[in-house]
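Asker: I would like to see how this sequence folds:
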Amino acid sequence: MQERGFTLVELIIVVAIMAVLVSVGSLEYNKMEKKANVEREVVTIYTSLSDVRLQALYTKTPRTVTLIGSQLKIYSTDDTTLAPASTIALSYPVVMSTGDNRVVFDGSGMMNEADRSICVELPGAAESPGNTDSVVVSAARVHMGKRESGGACVPDDINQK
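Answerer: Predicted structure coming up:
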C-alpha cells in the first residue's frame, strides 16, 4: 500500500530553503530602502535650491538657504538673523564644502561665490549607496551628482549628472 504526503525531512528542507531566501531578500530590501532614502533627500535639496533660485529671480530679491545638521532653512532675504520663511527637516545629516553652510542667491538668481557642494552623509557608511548623493551649486546652475569613491564633499570630486 502506497501512502501519499511529504516526509518530515522534506518539510524541514523546504522551510530551511524558504528561510534562506527570506533573509537574503530582507538584506537586499534594506539596501534598496537606504538607496531610495538618500536619493529622495538629494532630490529634496535639489528642488528646494532650484525653487529658491527661481524665487530670487522672479521677485528680484536675494534669497538664502542654510544647511545645519539635518535641517534646510530657507530665508526670503539675505539676512539670516531673521526667522526663516520655511524649514525642511532632512532624514540624514548633510555637509557642505564651505564652512559657512549657506547659499545666497542675489536678485538675479545668481550665486556670486565659489561653487559649493552639498553631500548627504549616511551614518556608519563608508560610501553612499545611492546613484546620486550630492548637489553642486554653481553661479548659474544646480546639479545633482555622485561623489567619487572615497572623494571629499567638494565640487571637483563629484560626477555631475
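
Asker: what bits of this protein have low per-residue confidence?
Answerer: The chain contains residues with pLDDT under 70 at 1, 125-126.

Asker: okay, now the nearest residue to residue 106 once chain neighbours are set aside: neighbour count?
Answerer: In space, residue 106 comes closest to residue 62 once its chain neighbours are excluded; the distance is 5.2 Å by C-beta to C-beta, 6 or more residues apart in numbering. For glycine as for every other residue, the C-beta is placed from the backbone atoms N, C-alpha and C. Using other C-beta atoms under 10 Å, residue 62 is surrounded by 18 other residues.

Asker: for the one 10 residues further on, same thing?
Answerer: The tally of other residues near residue 72 (other C-beta under 10 Å) stands at 23.

Asker: So it belongs to a helix, correct?
Answerer: No - membership of residue 72 in a helix is not supported by DSSP: H, G, I helix; E, B strand; the rest coil, which gives strand.

Asker: Residue 41 in helix, strand or coil?
Answerer: In the three-state summary, residue 41 is assigned as helix, counting by three-state DSSP.

Asker: Just to check, it is in contact with residue 90?
Answerer: Yes - counting by C-beta atoms under 8 Å, residue 90 is a contact partner of residue 41 at 5.6 Å.

Asker: which one of the two has more residues nearby?
Answerer: For residue 41 versus residue 90, neighbours defined as other C-beta under 10 Å are more numerous around residue 41 (23 against 17).

Asker: ok, now which ones touch the more buried one?
Answerer: 90, 91, 92, 94, 120 (C-beta atoms under 8 Å, 6 or more residues apart in numbering).

Asker: same deal with residue 66?
Answerer: With C-beta under 8 Å, 6+ apart as the criterion, the residues that contact residue 66 are 72, 73, 75, 80, 84, 101, 102, 103.

Asker: Send me the helix or strand hosting it as CSV with only the CA atoms.
Answerer: In this structure, residue 66 is located in strand 63-68 according to DSSP states H and E. Extracted as CSV, the C-alpha positions of strand 63-68 are listed here (Å, rounded to 0.1, in the frame of the first residue of the first chain):
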residue,chain,number,x,y,z
ARG,A,63,17.3,84.6,-1.0
THR,A,64,19.4,82.5,1.3
VAL,A,65,19.5,78.8,2.1
THR,A,66,21.3,77.5,5.2
LEU,A,67,22.2,73.9,6.0
ILE,A,68,22.7,73.0,9.6
